[in-house]
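# please find the sequence and the predicted model below.
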Amino acid sequence: MKLHHFKSLCLGSLLAVVLASCGKVAPVDHTSTLFVFGTKVEITVRGEDADLAEQATVQLKQDFKRMHTDWHAWKPGELTELNAALAAGRSMTVTPFLKPLLLQAKTFYDLSDGLFNPAMGALISAWGFHADKRPDGGLPDFDVIRALVAKNASMTDVIIDGDRVSSTKPTVQFDFGGFAKGVALDRAEQTLKNMGIKSALINAGGDINTLGGPTSKPWQIGIRDPKSWGVIATLDLNQGENVYTSGNYERFLEIDGVRYAHIIDPRDGMPVDHIVSATVIGKNGALADAAATALTVAGPKHWYEIAKKMGIKFAVLVDDKGTVYLNPAMQDRIVFNPKTPLKIVTSPKL
């Protein structure tokens, strides 16, 4: 069994979502679809005037377009300008649109013991994952990979002085694919709140933010098996909770029947191959997104300690043998399809 996943700023995840009101009578939903970040984004506004829901869609479309441009790791925008400056040994003044991501990236890097490392864009590029299409070339030059690992570009090398950003190493190259959707949906959620919308769900290819008061009805989320596309598990996502999944079996380089996944372990520069997916529920989308990446890298042996350090309360991982790892609080919430045989390993409480 595999939880369906995938995360990248430019290629959307395919985590399945089943939206349903858990009450007997559901308020009217207004759903619109956008195509940004290379994936489908669905905005569902519940119990509001249709005109307000349309206004929200127009505003979010504008916001997402700018995010897609200025946070992109390899197309022209503010982030690529910053990467070019750092590679040349120069500092650069960044806008308030980009600076918060840099600050969050430093925080999440520290919390994850460096397993979430947005400064290793050069490694991701060396593997051929800085492209809009799935890589179809050969293996990278492993001398280059080893050299980049030895230089250990990390968020600790990044200096933020006011709005001025510099680096102690020219090999620092930012790639925010590991958490940019979380940041984007957090901002979208705040925009909806500012517009007076009280209940909504934003689904960016399976990464989800919700908003609503404590008395609002939950959203039911279905998790699909990527082989059969059937729903193999469900959980109720309460209003204000977010769910993010990271995984390694959709975007990959395949050579001689071997798949090299797009999630790279910063410690050795090699693709992660032991975890199929990691799913995290949290109140902060950016943190949940970053944590899902870090837990994927941490793997079966160390995911628990990283989740605990990052303050995660609900997490579930699936390894390449189909074993499910989760904490007791997540086990109490998730309902697996009884027709799917599973080996479940429950951790201590987080």
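On my side now, so go ahead.
# give me every residue that touches the residue lying closest to residue 238 once chain neighbours are set aside.
Closest residue to residue 238 apart from its sequence neighbours, by C-beta to C-beta, 6 or more residues apart in numbering: residue 218 at 5.1 Å. C-beta coordinates here come from the backbone N, C-alpha and C atoms, glycine included. By C-beta atoms under 8 Å, 6 or more residues apart in numbering, the contact set of residue 218 is 22, 236-239.
# can you check residue 334 too?
233-235, 316, 326.
# next: residue 122.
148, 153, 171, 173.
# out of those, which is nearest to residue 332?
Using C-beta to C-beta, residue 153 is the member of these that lies nearest residue 332, at 40.2 Å.
# hmm, who's touching whichever strand or helix holds residue 147?
Secondary structure from DSSP states H and E places residue 147 in helix 142-151. Contacts with helix 142-151, where a contact means C-beta under 8 Å, 6+ apart, come from 120, 122-123, 126-127, 169, 171, 266-270.
# now those as a markdown table including pLDDT and secondary structure?
Formatted as a markdown table, the contacts of helix 142-151 follow (pLDDT from 0 to 100; DSSP: H, G, I helix; E, B strand; the rest coil):
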| residue | pLDDT | secondary structure |
| --- | --- | --- |
| 120 | 97 | strand |
| 122 | 96 | helix |
| 123 | 96 | helix |
| 126 | 93 | helix |
| 127 | 91 | coil |
| 169 | 96 | coil |
| 171 | 97 | coil |
| 266 | 96 | coil |
| 267 | 96 | coil |
| 268 | 96 | coil |
| 269 | 96 | coil |
| 270 | 94 | strand |
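# closest one to residue 81 out of the contacts of residue 334, please.
When these are compared against residue 81 (criterion: C-beta to C-beta), the nearest one is residue 316, at 38.3 Å.
# what about the closest one, how many neighbours?
By the criterion of other C-beta atoms under 10 Å, residue 316 has 25 neighbours.
# again with residue 142
For residue 142, using other C-beta under 10 Å, the count is 11.
# distance check, it against residue 123.
12 Å (C-beta to C-beta, to the nearest Å).
# which residues of this protein fall in helices?
50-70, 78-87, 99-111, 121-126, 142-151, 180-194, 285-309, 328-333 (DSSP state H).
# picking up where we left off before, ok, and the most crowded of the contacts of helix 142-151?
So for the contacts of helix 142-151 (other C-beta under 10 Å), the most neighbours sit at residue 120, 28 neighbours.
# which residues are in contact with the residue nearest to it when sequence neighbours are not counted?
Excluding the flanking residues, the one nearest residue 120 by C-beta to C-beta, 6+ apart is residue 266, at 5.0 Å. Taking C-beta under 8 Å, 6+ apart, we find residue 266 in contact with 114-115, 117, 120, 123, 149, 152, 154, 297.
# report the two of these separated the most.
152 and 297 (15.1 Å).
# what about the two, which has more around it?
residue 297 (27 against 16).
# for the residue nearest to the more buried one when sequence neighbours are not counted, grab phi and psi.
Once flanking residues are discounted, residue 297 sits nearest to residue 115: 4.3 Å by C-beta to C-beta, 6+ apart. For residue 115, the backbone dihedrals (degrees, to the nearest 10) come out as phi -70, psi -30.
# just give the number of residues close to residue 115.
There are 25 residues near residue 115, going by other C-beta under 10 Å.
# going forward can the numbers begin at 51, since that is how I track them
All set: I'll call the first residue 51, so the last point we hit is now residue 165.
# now the nearest residue to residue 221 once chain neighbours are set aside: how far from residue 344?
Among residues not flanking residue 221 along the chain, residue 203 sits closest, at 4.3 Å (C-beta to C-beta, 6+ apart). Between residue 203 and residue 344 the computed distance is 17 Å (C-beta to C-beta).
# more neighbours: which of these two?
A count of neighbours by other C-beta under 10 Å puts residue 344 above the other of residue 203 and residue 344, at 30 against 25.
# check contacts around that one.
158, 162, 165-166, 356, 360.
# repeat for residue 292
Here residue 292 is in contact with 232, 235, 257-260, 331-335, 338 (criterion: C-beta under 8 Å, 6+ apart).
# make a ChimeraX selection of the buried ones in those residues.
Paste this into ChimeraX to select the buried members of those, with burial taken from 16 or more other C-beta atoms under 10 Å:
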select :232,235,257,258,259,260,331,332,334,335,338
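# same list (the contacts of residue 292) but as JSON lines, adding pLDDT and distance to residue 83.
JSON lines is the format used below for the contacts of residue 292 (pLDDT from 0 to 100; distance: C-beta to C-beta, whole Å):
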{"residue": "232", "pLDDT": "96", "distance to residue 83": "20"}
{"residue": "235", "pLDDT": "97", "distance to residue 83": "15"}
{"residue": "257", "pLDDT": "92", "distance to residue 83": "15"}
{"residue": "258", "pLDDT": "94", "distance to residue 83": "15"}
{"residue": "259", "pLDDT": "95", "distance to residue 83": "16"}
{"residue": "260", "pLDDT": "93", "distance to residue 83": "17"}
{"residue": "331", "pLDDT": "96", "distance to residue 83": "24"}
{"residue": "332", "pLDDT": "96", "distance to residue 83": "25"}
{"residue": "333", "pLDDT": "95", "distance to residue 83": "26"}
{"residue": "334", "pLDDT": "97", "distance to residue 83": "25"}
{"residue": "335", "pLDDT": "97", "distance to residue 83": "19"}
{"residue": "338", "pLDDT": "98", "distance to residue 83": "23"}
